[in-house]
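**Q** Sequence and predicted structure below; questions after.
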Amino acid sequence: MASTVTHYSVSELARIGQAQAHGDGRLVVTGLADAAEAGPDDLAIAFSPDFHDALRGSRARAALLGHETDWQELGLAACITAERPRYAWALIARRFTGHDVRSGAIAESAVVASSARLGMGCTIGAFTVIDEDVVIGDGAVIGCHVTIGAMSRIGANAVIGNGVRIGARVVAGDNVLIEDNSVIGSSGFSYETAEEGVIEEVKQTFGNDSGRPQGSYTRIPSLGGVVIGDHVEIGSGCCIDRGTLSNTRIGSGTKLDNLVHIAHNVQIGSDCLICGQVGIAGSAVLGDRVILAGKTGIKDHIEIGNDVIAAGASQIYSNVPDGQRVMGSPAVTMQKSIEIYRALRRLPRLMRRVATLEAVRKGPAGSTGITTET
């Protein structure tokens, strides 16, 4: 059950959730809860019929329900209904996220460089270090044990979680959220050898190489930065590398799940959804509204078009045009991938049939098994 002192009437919550109120709209709600655990002062979340039995057994007087649900049959005094109840839930839940972390205070143990500029009402947590020439916008919240490298810029109302490491020359827009322990602006994984080696040979011959050893590696410094748009959300444990010369970019409205890696020079469009354990190799370009399900891998130097959707664990090795839906390894269209999978499932049975046919063809004692009538 949510722990909060927030009070809203059912009618107010309906307006917040862009939904419809029914019954006693003056009924006051102080928290949100699962249907089975809801008390008399909670708004029960029960937009699926699967939760209705639990709702009947609870003490809830109000609930968020799906469109055209018979709320009175559920024994409620009031309810909120919406055609997209999960969306209404998202809007309503933002009012019940706990205490306001924007204290506007700077912890005594924080270290802020004299050349850094902090906006009005910034909150800086304990043991945070803000380097030279950093600019932080109004109302930003910087957690504990955060480091922000020189010449970085953080927009207004940004929320930076505990333990986040932001390197030099990172630009993050307004209303950015970066969850705990992510690293933004680390060095790119770029190396070169004095002479052409086996890596280049394998790329050219697809494995038909001389087997000569690879030489020693020399790091290529990352001189670029990272540019993050407005309203971007980055989960915990993500790593985003600086560009080699130009900047790594993430477009406005894009959301990253936990444990996502974005390599140097990657360009990501706006309103993309990138799920956990996705890896995007260097200089890949993603369009707008791309959706990458968990464990998807993107090869370096390829382009993914607008509105592309990749199923979980897809491995994308070549360009994907706008609007394509892909899956598999290597990724192909979903329909073709399903066809390939079905063929693979039939392969053992097919091989047994081939073996039987070969045995019949050879006949006893190695003969062909073929007779000729005379």
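**A** Done, it's in.
**Q** so where do the helices sit in the stretch 101-250 of the chain?
**A** With helices called from DSSP state H, counting those that start in this stretch, the stretch 101-250 of the chain shows them at 198-205.
**Q** For the helix or strand that contains residue 12, give me every contacting residue.
**A** The secondary structure element spanning residue 12 is helix 10-16 (assigned by DSSP states H and E). For helix 10-16, the external contacting residues (Cβ atoms under 8 Å, 6 or more residues apart in numbering) are 8, 20-21, 23-27, 29, 43, 62, 78-80, 91-92, 95. C-beta: built from backbone N, CA, C; applies to glycine.
**Q** Among these, which are located in strands?
**A** Judged by DSSP state E, the contacts of helix 10-16 include 8, 20, 21, 23, 29, 43, 62, 78, 79, 80 as members of strands.
**Q** Was I right to think residue 309 contacts residue 287?
**A** No. The pair residue 309 / residue 287 is not scored as a contact, 11.8 Å apart, by Cβ atoms under 8 Å.
**Q** more crowded one of those two?
**A** Higher neighbour count among residue 309 and residue 287: residue 287, with 21 against 18, using other Cβ atoms under 10 Å.
**Q** ok, and the closest non-adjacent residue to the more buried one?
**A** For residue 287, the nearest residue in space outside its immediate sequence neighbours is residue 306; the separation is 3.7 Å by Cβ to Cβ, 6 or more residues apart in numbering.
**Q** per-residue confidence at that neighbour?
**A** In this prediction, residue 306 carries a pLDDT score of 98.
**Q** Wait, it touches residue 320, no?
**A** No. Taking Cβ under 8 Å as the contact criterion, residue 306 and residue 320 are not neighbours in contact, 10.2 Å apart.
**Q** Show me which of these two is the more surrounded one.
**A** Remark: of residue 306 and residue 320, residue 320 carries more neighbours, 25 against 15, as counted by other Cβ under 10 Å.
**Q** Pull the contacting residues for the more buried one.
**A** 302, 303, 304, 305, 308, 310, 326, 331.
**Q** Which among the residues you listed count as buried?
**A** By the neighbour-count criterion of 16 or more other Cβ atoms under 10 Å, the contacts of residue 320 include these buried positions: 302, 304, 305, 308, 310, 326, 331.
**Q** mind checking how far stretch 13-27 is from the chain centre?
**A** For stretch 13-27, the distance between its averaged C-alpha position and the chain's averaged C-alpha position is 31 Å (Cα atoms, centre = their mean, to the nearest Å).
**Q** Then stretch 134-149?
**A** What separates the centre of stretch 134-149 from the centre of its chain is 22 Å, taken as Cα atoms, centre = their mean.
**Q** What is the linear distance spanned by it between its boundary residues?
**A** The first and final residues of stretch 134-149 sit 7 Å from each other (Cα to Cα, to the nearest Å).
**Q** what's the average pLDDT for it?
**A** Along stretch 134-149, the predicted confidence averages to a pLDDT of 97.
**Q** now swap in stretch 291-298 and tell me
**A** 98.
**Q** Now tell me what touches it from outside.
**A** Outside of stretch 291-298, the residues that reach it under the criterion Cβ under 8 Å, 6+ apart are 257, 272-281, 284, 286, 304, 308-316.
**Q** from the residues you listed, which would you call buried?
**A** When the contacts of stretch 291-298 are checked for burial by 16+ other Cβ under 10 Å, the buried set is 257, 272, 274-281, 284, 286, 304, 308-311, 314-316.
**Q** Those in strands, which ones?
**A** Those of these mapping onto strands are 274, 279, 280, 286, 304, 309, 310, 315, 316, per DSSP E.
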